[in-house]
Structure formats: C-alpha cells, structure tokens
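[1] Structure, please.
(one chain, ligands or ions: 2)
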Amino acid sequence: MSSITILVPNEVQGLQVFKDGDWYDVAYIPNALIIHIGDQIEILSNGKYKSVHHRTTVNKEKTRMSWPVFLEPPPEFEVGPIPKLVNKDDPPKYKTKNKLTAQKLRLLYSHFQNTSVYNAKCKVNLTYFTSSLLSNTFFFSKCTILHVYRDTNEEYAQSLIGVANKLLGLLSKGLGLEEDEVKQALGGEDLVYMLKINYYPPCPCPELALGVAPHTDMSSITILVPNEVQGLQVFKDGDWYDVAYIPNALIIHIGDQIEILSNGKYKSVYHRTTVNKEKTRMSWPVFLEPPPEFEVGPIPKLVNKDDPPKYKTKKYKDYVYCKLNKLPQ
Ligand SMILES: O=C(O)CCC(=O)C(=O)O
Ligand SMILES: [Fe+2]
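    Ligands and ions are numbered 1, 2, ... in the order given. Coordinates of the predicted model:
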C-alpha cells in the first residue's frame, strides 16, 4: 500500500513477483536493496507505473527474514492521480482517497501484521520483531528505543527463569513426576525464551476484525504481560471468555508441547485477541520453546497399555513446520 518499499532480505530465497501469469523468484544479491513500487505510486502516476504483485514462500530448513521500510504518505494526506498526468484522453483511473478511507486501510494493514511494532518516534515498522532474550540477539533498527528495550528485556528474562522453573516444576508434580522431569523433557537448560511484541492499533470496526486469530501456542508454556486494554479471550465449553486484566499479574498459557508430553493430561489453551475502537492494545508474550532439534513426545512414564501415546514424538522444528503449514502432525 506504500509509495515504494525498500527491502533488505537475508540470503534465504523466498520473495516472488507475479508477471505475465507466472510467479518468479527474486534473486538474492548480496548488499542489494529490493525496491517495490507500491499502490500510491501506481495511483499518483494514474497507472503509468504498476505496483508489484508479490508474495513470499517459506523454507523447509532455513529461517527467512526481511526488513522492509514502507514509505507511506501521512494518514491524513490525500493521494490521487497527479493533475498534470490526467487529461480528456487519459482520465483519472483512481479515486483520490479521503482521510477516513486512508486511515481504515492503514489500520487493516496493521492487523495483518500482528507481530509488528510501529514506533511513532522513529517511524520504523519492524514487521517481525522477535528477539531471543537469553542469547542476547536483537534485531536492531536505527531506533534508539530498542536499546532501552534491550536492557529491560534482559533483566526481565533473568527474572523469568525463576518463574519458568517454578511453573514447570509444579506442572511436573501435577503429573506425579519429579520436579524437573517436565523441564528435562523440553530440553532442560537449553529451553529457548522467545519474546514477541504484539501491537494492536485502534480499529474503526472492531466487530469485523480480530487481533490474533484463534490458535493454541506451539510453545510449552507462554508467559504474557498485557497492557490494560481488554483483548485476550479463551475458548471454553463452546464460548469465548474475556481474560480479565489484573495489574502486575502474568498470564500463563499451557501450550502444545505440554499437552504432548503430558499425553493429553494438560490441554493447550485455545485463545484469540479482539481489537479496540479507541485504544491501542499491546502484549509481550514470552514463549518457552524446546530447542529446534530437541525431540518432544509423551513422557514414557505417563504412557502404558491402557493409556497409549496420543501424540507422535518429533523434533520441535518439525512440529513447528507442520503447524505453520497446516500439515498433519
Ligand atoms: O496479545 C495477546 O494477549 C495474546 C497474543 C497471542 O496469543 C500470541 O501472540 O500468541
Ligand atoms: Fe497465543
């Protein structure tokens, strides 16, 4: 929807453009920027330039990342065909959009990218803002606020280790196991703490949109801090229930890996988020995930002839692959 988009990809192939009825790979060229013509250039040129229809594929083994910067007109700014480019033989092919329409488009767009952070100060839109808290890796933009986030996040990660150990210990005891057996079945000290920041801007039509579609988390457990704006809902006995905001409380989700290793004794929680007409909602979930190569399956002690394994034992990365691609597990 931008005017142009300036994009830096990593080296993993994924971007494709559509031309003459076919999809073509956009070759990765080290240090090259990829430029997309966006809708606003198509509009102001009255169709002389065309915005590029594109998509991305995913890779079986490798993580692909990209850092697009969208050059966008301000939300209040009206964009339409440039008068000099329009005449009797070449009348305007596009409407000049009014303020409301432009805003609506922008908000809907934000909903598509529910893992994005829009920071008003630096105007950098990070379409995939995730950091591995404990490994110290952070994807930096030129945005100083991230440096502040880094220190806070590292401190938070340190405190979370104790909380995580306590919770996993209790879940283990609840299954009649020793305190650290559940943690060991998830990779022990190699457990990965993955922070995601969700940003849900106000939505003009909250009844028509969702922040995050219904899902269960792939993690073992998720430890989540929301801001005070209502939005999280859980599904129980055929109905959606609001999760009340309690100041300073953490929200804990049971994720798929705990359901699997407990052989279904614990169930992962089906949840979704709604959006708000006036207020911005944010949430900071930390997903406790087994290392990608680590195999998770029902704990042998919890399985017997009367209670055979209900889930396959597989590497966490294979579980993620199947879930993301909607393949049978
Ligand atoms: O924003 C929330 O409260 C929940 C987000 C969520 O479910 C997720 O990121 O997996
Ligand atoms: Fe979730």
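[2] give the contact list for the residue in the stretch 151-300 of the chain that ligand 1 sits nearest to.
    Nearest residue of the stretch 151-300 of the chain to ligand 1: Ser283, at 3.3 Å (Cβ to the nearest ligand atom). Every C-beta, even on glycine, is put in place using the N, C-alpha and C of the backbone. Contacts for Ser283 were tallied using Cβ atoms under 8 Å, 6 or more residues apart in numbering; they are 197-198, 224-227, 231-232, 273.
[3] tell me the secondary structure for it?
    At Ser283 the chain is in strand, as set by DSSP: H, G, I helix; E, B strand; the rest coil.
[4] Mind pulling the model confidence for it?
    Looking at Ser283, its pLDDT is 92.
[5] any idea how far it lies from Lys196?
    To Lys196, Ser283 is 8 Å away according to Cβ to Cβ, to the nearest Å.
[6] Val229 now?
    Val229 sits 17 Å away from Lys196, going by Cβ to Cβ.
[7] Tell me if Cys322 really is in a strand.
    No - going by three-state DSSP, the assignment for Cys322 is helix, not a strand.
[8] just checking, it touches Pro328?
    Yes - judged on Cβ atoms under 8 Å, Cys322 makes contact with Pro328 at a distance of 6.9 Å.
[9] For stretch 42-56, list every residue counted as buried.
    For stretch 42-56, burial by neighbour count (16 or more other Cβ atoms under 10 Å) applies to 42-46, 51-52, 54.
[10] just stretch 85-99 next, same as before
    For stretch 85-99, by 16+ other Cβ under 10 Å, it's 92, 94, 97.
[11] In JSON lines, list these along with distance to ligand 1.
    Supplementary listing: these in JSON lines, determined by distance: Cβ to the nearest ligand atom, whole Å:
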{"residue": "Pro92", "distance to ligand 1": "41"}
{"residue": "Tyr94", "distance to ligand 1": "36"}
{"residue": "Lys97", "distance to ligand 1": "30"}
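[12] Point out the residues in the chain that sit beside ligand 1.
    Taking Cβ under 6 Å from any ligand atom as the criterion, the neighbours of ligand 1 within the chain are 196, 198, 212, 217, 224, 226, 231-232, 271, 273, 283, 285.
[13] Widest-spaced pair of those?
    Among the residues of the chain next to ligand 1, the pair separated by the greatest distance (Cβ to Cβ) is Asp217 and Gly231, at 15.9 Å.
[14] Ser3 and Glu72 touch, don't they?
    Yes - with contact defined as Cβ under 8 Å, Ser3 reaches Glu72; the gap is 6.8 Å.
[15] what residues do these two have in common as contacts?
    Gln40.
[16] Packing partners of the lengthiest helix in the chain?
    Within the chain, and with DSSP state H defining each element, the longest helix by residue count is helix 145-174. With contacts defined as 3 or more Cβ pairs under 8 Å, 6 or more residues apart in numbering; DSSP states H and E, helix 145-174 has these neighbours: helix 181-184, strand 192-196, strand 221-226, strand 281-289.
[17] Strands along the stretch 51-200 of the chain, start to end?
    Secondary structure of the stretch 51-200 of the chain (DSSP state E, counting those that start in this stretch): strands at 54-56, 66-71, 117-119, 124-126, 130-132, 192-196, 198-200.
[18] Generate CSV for the buried residues of stretch 85-99, with distance to Gly255 as supplementary columns.
    Output for the buried residues of stretch 85-99, formatted as CSV (distance: Cβ to Cβ, whole Å):
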residue, distance to Gly255
Pro92, 52
Tyr94, 46
Lys97, 42
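[19] could I get those as a markdown table with pLDDT and distance to Ile251?
    Output for the buried residues of stretch 85-99, formatted as a markdown table (pLDDT from 0 to 100; distance: Cβ to Cβ, whole Å):
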| residue | pLDDT | distance to Ile251 |
| --- | --- | --- |
| Pro92 | 91 | 50 |
| Tyr94 | 89 | 45 |
| Lys97 | 71 | 39 |
